[in-house]
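Enquirer: I would like to see how this sequence folds:
(one chain, ligands or ions: 3)
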Amino acid sequence: MEDIVGSPWSERVSGVLAYESSKVDWCEENYRHSEHVVEYFNTVSNLVFFIISPLMLYLLHPYARERHLAVHLVWLMMLFVGVFSLYFHMTLSFLGQMLDELSILWVLALGYGLWFPRRRFPSFIKDRRSFGRLVLIITALTTVSSFVKPTANAYVLNVFGLQLLYVLRMEMKHCTDPKALRLARRMAALWVLAIACWISDRFGCAFWQELNFCYLHGIWHILIVMAVAYGTTLIAFLDASYEIPYSLPGIQYWPCDQWEVGLPHIVLKGSTKLRKGC
Ligand SMILES: CCCCCCCC/C=C\CCCCCCCC(=O)N[C@@H](CO)[C@H](O)/C=C/CCCCCCCCCCCCC
Ligand SMILES: [Ca+2]
Ligand SMILES: [Zn+2]
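Expert: Ligands and ions are numbered 1, 2, ... in the order given. Model (predicted):
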């Protein structure tokens, strides 16, 4: 028994679970508010995932019901990203870092598989099913290679994020709906603010420590979840306009549509019975 406990394998397992076993450490001072939570504000700020994800699941339900219930997996997985991100900042463990980063990778992959516009598929891809398989293979390979140099993972994810924004920009070129254009501008503004916080926390920590303001990574959590809420609604709107145009998709804001304040979502103004009858 002692042999098993003392084996290199069990040492390795407890190593990856150990507090501060990750090589990544954000600007916020460690153990400032609690001896059990390494980065307190960075941990607590993940609550935004648990507020926004259920709301988005509820708000996108009419679109998901009409298009495909698998759409719900995106915000269900965002809940897991929130859990893993919370665990990572609470412990700064290597396991926490990998769960946090790999869950983001798989949400991005799911989003690509579900929503990547059909007309932009590579020429050798026939349908969405084959495209899904290609995304699955690339994601599985990226998952394995993420263990080679874990400190590079976050940068790779940001490159995937940039590619996603490029696809969205290309798609918006054909869009004339003023509400969708405003939504796209807001999403871009949120993303720019979010990434500025992420980079500043990573590379400008000495400056922020002088100002005694080390909360930028926590603010990134809040802004990026809002950017994803705006981005997924925009992609869902474009997808519905091409794939289920009879449903006459529109964009509305919850709780206040008049002022366009809050969370955006899709409303389907067209009759779905019409399609089923034809
Ligand atoms: C046509 C494709 C549609 C794809 C839709 C995909 C929707 C989900 C996209 C991204 C999920 C991002 C979740 C962010 C969680 C943050 C957790 C975190 O802070 N982790 C850090 C460590 O604590 C880690 O260093 C962060 C790494 C960088 C992550 C980069 C994510 C890129 C997000 C791009 C979002 C653009 C907005 C538009 C979304 C539709
Ligand atoms: Ca820290
Ligand atoms: Zn984080």
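Enquirer: average pLDDT for the helix or strand hosting residue 55?
Expert: Taking DSSP states H and E as the criterion, residue 55 maps to helix 47-59. Averaged across helix 47-59, pLDDT comes to 98.
Enquirer: swap in stretch 173-186?
Expert: 95.
Enquirer: next one: stretch 63-79
Expert: The pLDDT scores in stretch 63-79 average 97.
Enquirer: Using CSV, write down the CA coordinates of that stretch.
Expert: Only the C-alpha atoms of stretch 63-79 are listed here, as CSV (Å, rounded to 0.1, in the frame of the first residue of the first chain):
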residue,chain,number,x,y,z
TYR,A,63,-34.2,29.7,-31.4
ALA,A,64,-32.7,26.4,-30.2
ARG,A,65,-36.1,24.6,-30.3
GLU,A,66,-36.7,25.7,-33.9
ARG,A,67,-33.1,25.1,-35.2
HIS,A,68,-31.5,22.4,-33.1
LEU,A,69,-31.5,21.7,-29.3
ALA,A,70,-27.7,21.0,-29.5
VAL,A,71,-27.3,24.8,-29.5
HIS,A,72,-28.0,24.7,-25.8
LEU,A,73,-24.7,22.8,-25.3
VAL,A,74,-22.7,26.0,-25.9
TRP,A,75,-24.1,27.7,-22.7
LEU,A,76,-24.2,24.5,-20.8
MET,A,77,-20.5,24.1,-21.5
MET,A,78,-20.0,27.8,-20.5
LEU,A,79,-21.2,26.7,-17.1
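Enquirer: what comes up buried for it?
Expert: By 16 or more other CB atoms under 10 Å, the buried positions in stretch 63-79 come out as 63, 64, 66, 67, 71, 73, 74, 75, 77, 78, 79. (C-beta placed from N, C-alpha, C; glycine too.)
Enquirer: pretty sure the fourth one contacts residue 243?
Expert: Yes - at 6.6 Å, residue 67 counts as touching residue 243 under the criterion of CB atoms under 8 Å.
Enquirer: circling back: export the buried residues of stretch 63-79 to TSV and tack on secondary structure?
Expert: TSV is the format used below for the buried residues of stretch 63-79 (DSSP: H, G, I helix; E, B strand; the rest coil):
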residue	secondary structure
63	helix
64	helix
66	helix
67	helix
71	helix
73	helix
74	helix
75	helix
77	helix
78	helix
79	helix
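Enquirer: and which of those residues is nearest residue 144?
Expert: Relative to residue 144, the closest of those is residue 77; by CB to CB it sits at 19.6 Å.
Enquirer: Nearest residue to that closest one in space, ignoring adjacent ones along the chain?
Expert: Counting by CB to CB, 6 or more residues apart in numbering, residue 77 lies nearest to residue 107, which is 4.6 Å off, once chain neighbours are set aside.
Enquirer: who does the helix holding residue 55 touch, helix- and strand-wise?
Expert: helix 72-91, helix 216-243, strand 261-268 (3 or more CB pairs under 8 Å, 6 or more residues apart in numbering; DSSP states H and E).
Enquirer: right, is that helix up against ligand 1?
Expert: No - Helix 47-59 does not reach ligand 1 (CB under 6 Å from any ligand atom); its nearest approach is 7.9 Å.
Enquirer: which residue ranges form the strands in the stretch 51-200 of the chain?
Expert: Counting by DSSP state E, counting those that start in this stretch, the stretch 51-200 of the chain has no strands at all.
Enquirer: Where does it get nearest to ligand 1, which residue?
Expert: Ligand 1 sits closest to residue 111 of the stretch 51-200 of the chain, with a gap of 2.3 Å, by CB to the nearest ligand atom.
Enquirer: pretty sure that residue is in contact with residue 75, am I right?
Expert: No - using CB under 8 Å as the test, residue 111 is too far from residue 75 to be in contact (10.6 Å).
Enquirer: Thank you, goodbye.
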